[in-house]
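*Asks:* here is my input, please return the structure:
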Amino acid sequence: MKIAIVLNETLGSGYLVNAAACIASGLFNGEQNILGPQIEGNDFTYIPITKIPILVLKQNKKPWKELLERAKKNKLKYMVFTREGQSTTSYEEYIKNVVGKPIEQVDVIGMGVLGDDNYVTKFSGDLGLLR
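*Replies:* Numbers count the residues shown, from 1 in each chain. So this is what the prediction gives:
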């Protein structure tokens with residue numbers, strides 16, 4: 001298993017980091033066995049972190065619709081993150097801004113996929129690392 005997060009590389013670093021965090025948290029939702037156990041330190045506890053790789057990639061001008069279709073074709077768990085989600089102040093407002101809309105009618109800034117290593121590689125093979 002691994003995760004690939006694809007981001008619009010033209011965004012500022014703060015927006016990129018926020019988008020990656022939101023996408024990772026969404027992909028982790030409901031998943032079992034991708035986090036390690038809690039580890040006891042000397043005077044504090046290390047919280048569990050992921051046991052699987054997380055790639056952070058550039059969109060490379062690939063249309064979001066094409067990337068969404070790749071994710072579906074490879075039967076990956078996927079999520080799309082939008083400017084509407086990043087710019088609202090309440091979850092209810094976010095829902096109102098995106099409910100029922102196709103991908104072409106929202107401002108996508110990133111997406112993530114989770115699945116078998118080989119299928120994630122097929123999905124992301126022509127996308128470069130975000131640096």
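*Asks:* how far is stretch 49-65 from where the chain is centred?
*Replies:* 7 Å (CA atoms, centre = their mean, to the nearest Å).
*Asks:* tell me the buried residues in that stretch?
*Replies:* For stretch 49-65, burial by neighbour count (16 or more other CB atoms under 10 Å) applies to 50, 54-59, 64. For the C-beta atoms, the positions are set from N, CA and C on the backbone; glycine is no exception.
*Asks:* wait, which of those is closest to Thr82?
*Replies:* Closest approach between the buried residues of stretch 49-65 and Thr82, by CB to CB: Trp64, at 9.6 Å.
*Asks:* the closest one against Val108, yeah?
*Replies:* Yes. Taking contacts as CB atoms under 8 Å, Trp64 lies within contact range of Val108: 4.3 Å.
*Asks:* now stretch 16-23 - C-alpha only, CSV.
*Replies:* Extracted C-alpha coordinates of stretch 16-23, given in CSV (Å, rounded to 0.1, in the frame of the first residue of the first chain):
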residue,chain,number,x,y,z
LEU,A,16,0.5,23.2,-0.6
VAL,A,17,1.2,22.1,2.9
ASN,A,18,-2.4,22.6,4.0
ALA,A,19,-3.8,20.8,0.9
ALA,A,20,-1.4,17.8,1.5
ALA,A,21,-2.4,17.6,5.2
CYS,A,22,-6.2,17.7,4.3
ILE,A,23,-5.8,15.1,1.6
